[in-house]
Structures are given as structure tokens and as C-alpha cells.
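**Student:** Fold the following for me, if possible:
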Amino acid sequence: MYGEFSLYGVFVPKFLVVLTVAYALKTLVRFLLARTPFYQWIWHPELFNFAMYIVLLGGMLALMHGWKS
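**Tutor:** Take a look at the predicted model:
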């Protein structure tokens, strides 16, 4: 369990912060890849973007678990 923190009296789960940061990273990577011809080699760009989000989220959760120990 990752717990939560208080933001002006509202308890926010740390997982929500990780989800938001992973989404921001995915958006940045998608923007950078869209400026190159990379997406013409991808069969289904939306599925690729979703998979990229899951990989980033999993990596961030693994990093958080490693820092916790």
C-alpha cells in the first residue's frame, strides 16, 4: 500500500499522483514521437499509446517500490 498525503486537508492517494505523472510523461513522449515519422510504422497508434502508458506506469510503480525498501 502506498498510502496518501494531505493536500490542504484533502487526503490524496499517492497512486493518483503516479497516474497523473505517468499520463504527463506519456503525453510528452507522444508529442515528441508525433513530430517524427515514427507513427507511420505503428499499426494502431491508440493501442500503442495505451501500452506506452501502462509501461510507464509500471516502471514508475516499480521505482516507487524500490525506493520504499
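**Student:** only C-alpha atoms for contact and neighbour calcs from this point on.
**Tutor:** Will do.
**Student:** Report the next helix or strand after the strand or helix carrying F5 in sequence order.
**Tutor:** Under the criterion DSSP states H and E, the helix or strand holding F5 is strand 4-7. Sequence-wise, the next helix or strand beyond strand 4-7 is strand 10-13, with elements assigned using DSSP H and E.
**Student:** Helices of the chain, residue ranges please.
**Tutor:** Secondary structure of the chain, counting by DSSP state H: helices at 14-34, 45-68.
**Student:** Show me the one of those helices that comes nearest E4.
**Tutor:** Each of the helices of the chain has some distance to E4 by CA to CA; the shortest is helix 14-34, at 5.1 Å.
**Student:** shaky segments in this protein?
**Tutor:** Judged by pLDDT under 70, the chain has its weakly predicted residues at 1-2, 68-69.
**Student:** Give me the number of neighbouring residues for the closest residue in space to P45 that isn't next to it in sequence.
**Tutor:** Nearest residue to P45, sequence neighbours excluded (CA to CA, 6 or more residues apart in numbering): Y39, at 6.7 Å. By the criterion of other CA atoms under 10 Å, Y39 has 14 neighbours.
**Student:** what's near enough to touch the nearest residue to L56 once chain neighbours are set aside?
**Tutor:** Spatially, and ignoring its direct neighbours in sequence, L56 is nearest to A22 (5.9 Å; CA to CA, 6+ apart). Contact partners of A22, counting by CA atoms under 8 Å, 6 or more residues apart in numbering, are 53, 56-57, 60.
**Student:** Tell me, how many residues neighbour K26?
**Tutor:** Residues lying near K26 (other CA under 10 Å) number 21.
**Student:** ditto for K14
**Tutor:** A count of neighbours around K14, defined by other CA under 10 Å, yields 14.
**Student:** From what I see, it and S6 are in contact.
**Tutor:** No: the criterion here is CA atoms under 8 Å, and K14 misses it with S6 at 10.0 Å.
**Student:** can I get the contacts of A22 in a markdown table with distance to V18 and neighbour count?
**Tutor:** Putting those into a markdown table (distance: CA to CA, whole Å; neighbours: other CA atoms under 10 Å) gives the following:
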| residue | distance to V18 | neighbour count |
| --- | --- | --- |
| Y53 | 11 | 21 |
| L56 | 10 | 19 |
| L57 | 7 | 21 |
| M60 | 7 | 16 |
